[in-house]
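Enquirer: sequence unknown, structure follows:
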């Protein structure tokens, strides 16, 4: 009887199998292209890396699976290259995946667990032989880049997000995002020699991204409360560790373009995304509408490729549909678009 | 509460003078006749209903009602992991919140989430289970269940009148993953009274092994923090002074405590969250029958307390410990009357009050008055019956701490034609249209940043054509039923990011079209008293697509709606020994609305088998032992992405009954 019932059901099973499309092949050594980190969605284990060969235009959205033979995990948040290795920070899986920068062969998966509690790593920065990783449990973990293991935990504020280095000091944004509505407003300053917190600087509600310029200044985005308190860009003078400026424009993200910064803001109410060019030498916006984002549905990031001299805008669509990378020339004219994974947020460029 | 609540209470007392007494069941006719027979009566009276009997339920050895509902055609079960996990159902893909569940004629309520967790509804005491899509015309169930898009009707052993002196049901189950499940129900009936009581205890460690595909690798793991422990108990008193009046009053309570294992997150198996629930329910009704008219008054009070704990949440206070209390009080009256020989009318009014109090300072403190009125008529022609029905609903929302939602008034029609059975094959046609809506839940309206008090209700239009035939009827009886349906859901409520990626908000954003077909058969072969062979099967096709103009996913299949579902069961009985094989198939689904390979959740076929032996003892005493193997082929599967289900597992059931 079971056999009969099984036989009756078999046609359904097979009629529904689809042929999976073959992704474009990936060369053994990565070059002339870019790796895109697509965050994926919470509890879906669908963070991915895309490889875009900018020469041929080929896209492979399964770079990590193909190179590692397994999935990246849940909610990728940061992607950086340092000393011949690529580091991918995966928040909910609580891992840091270390890959060979040339071949993208897996080197090590660093488990970011504190006993049975996931540390939830967010962002990574490098200095000397150390990698510094913000962890949502209120620490910056210090990873030895040779042994690829955590050697020290530096306590900071609540739910640290972005971090960067200036003047031999580490600046860490304490978001306190999990204490909403009582979010944090500080940046922790860490001495990179003795790994001690020197002080906390109050910058504004809900600090997120941190980036330093070549003049020894640190820029922090205080993201506000997405309501009455708007987002602001704040400049810290790293000589004196004081807030030197607060700029009165809204900002969602920031990245460097040569000696300048690209900032972007996405307005969730009206769906408009704006990319501006900010000059840290004059500390002003020199172009408030730098690229034409007409084709971008949800502006989710912007990055500049110094080798090709092109700009890339990340499009998260509606956050549940796979996104796009839109390519622009240096004058802000759109050249092409690449269809990638879910919620693209970071790009690593290859010569 | 305050003044308005007092007025409400006063009004209730005036309208329903005998509120706290009770009788009658969900479905009229049910207790006077044997359940298996009366289910066919239900079928006559409803527009598109399927049912399951006590025999089916015990052979399937289901863990809860959710598992049973997955066997019905047109029902899409979503189970968030095995054993104690959340189970919701969606009938004909109009959305799980359009379904109203009725136990013994009383609506199960949760205005916080607007959906019932069928993983917490017990299966041991059920003597009849029905799924209705088109409504329950002319029956004395709650008004809310008669106007809903779909209804689940559950009838329990404890709340059916009996005239026998003593009836008893007891069962003990022992199974894999530390499952222990005991139930005792006793009912004592005299000529005019009956009293019943039941108690149930259920626990499991829930630590089942699973495998999970991870690229080229397969991850093996043990489900952790998946334990649970439940108590359920209650009692009912019924009074039947004469043939024309019946009263019931009863109380039920359940206390639950469970770990929440969550999704399987790759490389991170930490889970420490817990959920504790307390559910109290006081209910009563009175049915009065006149020569051509029956009236039922009913009232129920429901108290639901939920506490959620996450000790590892990375905030400054060292975790989350939050509780929600959802209360509701409702009362109503329903009637049906055979006015003339060929016209009958039915209708009713129901008033419900519900509120929510939370320890979460960000949550609002909402309350709701919901009034429903219903009037319908049926006209019998030579060829069949035409039924028209109109319901009106008024919802008044209040919120003590923030902006409250707008009041809502809606009229919803129903129209149907039901033919007589004709010809040698007893062909029976039905055509109907139902218009219904569901209110946004308190969570959708008011929950922290996510809630949106501007939400409109979600509307469902359902069109159905069905035919039933009985091509063979001798020692082999075969019945076949088919339905074609088209549903359209507009103003569908979805969460979308409106402030940033982390701040999602509920919006009325989409329209869904559903083209569906279902086919069911039921075959019984009774050679003689010793041999019986039964088989049932169903297949449902649902093309449920995003029909929102300008949507990125226009024309794509909606997330988690399988295009194909099928069930096939075969049972054989020889004298006192029997077995049942039960197969369920669900085709691939998409975890998000974009229909790409990456979003596919694999389809699966699971097979369960039971063998039992019944020892008929003195008089009406039966002892039964049953051995069940679930997921015999050890298939690795999941209903919801990353929520793995158990592999092969075993269950022994001992039953003792006095019938």
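Expert: Thanks, I have the structure now. Bear in mind that the values here come from a model prediction, so they are computed numbers and not experimental data. Numbering: from 1, shown residues only, chains lettered A, B, ... in the order given.

Enquirer: alpha carbons only for contacts and neighbour counts from here, please
Expert: Will do.

Enquirer: Next, the contact list for the single nearest residue of the stretch 101-250 of chain B relative to chain A, please.
Expert: Taking Cα to the nearest Cα as the measure, the stretch 101-250 of chain B has residue B:215 as its residue closest to chain A, at 4.0 Å. By Cα atoms under 8 Å, 6 or more residues apart in numbering or on different chains, residue B:215 lies in contact with A:65, A:69, A:70, A:71.

Enquirer: Report the buried members of these.
Expert: A:65, A:70, A:71 (16 or more other Cα atoms under 10 Å in any protein chain shown).

Enquirer: just checking, the second one touches residue B:216?
Expert: Same thing as residue A:70. Yes - Residue A:70 is within contact range of residue B:216, at 5.8 Å (criterion: Cα atoms under 8 Å).

Enquirer: and stretch A:285-305, is it in reach of chain B?
Expert: No - using Cα under 8 Å from any Cα of the partner chain, stretch A:285-305 stays clear of chain B, coming no nearer than 9.5 Å.

Enquirer: What is the end-to-end distance of that stretch?
Expert: The first and final residues of stretch A:285-305 sit 20 Å from each other (Cα to Cα, to the nearest Å).

Enquirer: contacting residues around it?
Expert: A:253-257, A:262-266, A:271-279, A:310-318, A:326, A:328, A:331-334, A:343-347, A:349.

Enquirer: can you narrow the residues you listed to ones near chain B?
Expert: residue A:318.

Enquirer: which stretch of helix or strand covers the residue nearest the centre of chain A?
Expert: The residue lying closest to the centre of chain A (Cα atoms, centre = their mean) is residue A:78, at 3.8 Å. Using DSSP states H and E, residue A:78 falls within strand A:76-82.

Enquirer: That strand packs against which elements?
Expert: Packing partners of strand A:76-82 (3 or more Cα pairs under 8 Å, 6 or more residues apart in numbering or on different chains; DSSP states H and E): strand A:33-38, strand A:85-90, strand A:121-127, strand A:344-350.

Enquirer: Show me the one of these that comes nearest residue B:82.
Expert: When the helices and strands packed on strand A:76-82 are compared by Cα to Cα, strand A:85-90 sits nearest residue B:82, at 27.5 Å.

Enquirer: Okay, now the sheet partners of the closest one, with direction.
Expert: According to DSSP bridges, strand A:85-90 has the following sheet partners: strand A:76-82 (antiparallel), strand A:95-100 (antiparallel).

Enquirer: Spell out which parts of the stretch 51-200 of chain B neighbour chain A.
Expert: So the stretch 51-200 of chain B never meets chain A (Cα under 8 Å from any Cα).

Enquirer: The stretch 51-200 of chain B: helices as residue ranges?
Expert: For the stretch 51-200 of chain B, helices defined by DSSP state H, counting those that start in this stretch occupy the ranges B:54-60, B:65-69, B:143-147.

Enquirer: Comparing these, which stretch has the densest surroundings?
Expert: helix B:143-147 (a mean of 26; mean count of other Cα atoms under 10 Å in any protein chain shown).

Enquirer: From the contact counts, what lies against that one?
Expert: Checking 3+ Cα pairs under 8 Å, 6+ apart, helix B:143-147 ends up next to strand B:99-103, strand B:320-337, strand B:343-358, strand B:366-380.

Enquirer: How much space separates residue B:318 from residue B:269?
Expert: Distance of residue B:318 to residue B:269, given as Cα to Cα: 20 Å.

Enquirer: Please identify which of the two sits among more neighbours.
Expert: residue B:269 (21 against 11; other Cα atoms under 10 Å in any protein chain shown).

Enquirer: So the more buried one versus residue A:106, what's the distance?
Expert: Counting by Cα to Cα, the gap from residue B:269 to residue A:106 is 22 Å.

Enquirer: cool, residue B:300 as well?
Expert: 61 Å.

Enquirer: now residue B:377
Expert: Distance, residue B:377 to residue A:106, by Cα to Cα: 71 Å.

Enquirer: who in the stretch 51-200 of chain A is up against chain B?
Expert: In this structure, the stretch 51-200 of chain A approaches chain B at residues A:65, A:69-71, A:73-74, A:92-95, A:111, A:116-118, A:136-137, A:158-159, A:176, A:178-179, judged by Cα under 8 Å from any Cα.

Enquirer: Now which of those residues would you call buried?
Expert: Neighbour counting by 16+ other Cα under 10 Å classes A:65, A:70-71, A:73-74, A:92-95, A:111, A:117-118, A:136-137, A:158-159, A:176, A:178-179 among those as buried.

Enquirer: List the ones among those residues that fall in helices.
Expert: residue A:65 (DSSP state H).

Enquirer: quick one: which of the buried ones among the residues of the stretch 51-200 of chain A next to chain B sit in strands?
Expert: Those of those mapping onto strands are A:95, A:111, A:117, A:118, per DSSP state E.

Enquirer: burial count for residue 123?
Expert: In the absence of a named chain, this looks at chain A. 28.

Enquirer: wait, chain B
Expert: Quick note: residue B:123 (other Cα under 10 Å) scores 23 neighbours.

Enquirer: and what of residue B:270?
Expert: Neighbour tally, residue B:270, other Cα under 10 Å: 19.

Enquirer: now swap in residue B:106 and tell me
Expert: 27.

Enquirer: got a list of what residue 123 touches?
Expert: Chain wasn't specified; assuming chain A. A:77, A:78, A:89, A:133, A:134, A:135, A:161, A:162, A:163.

Enquirer: my question was about chain B
Expert: B:57, B:62, B:63, B:64, B:65.

Enquirer: Nice, that's everything, thank you.
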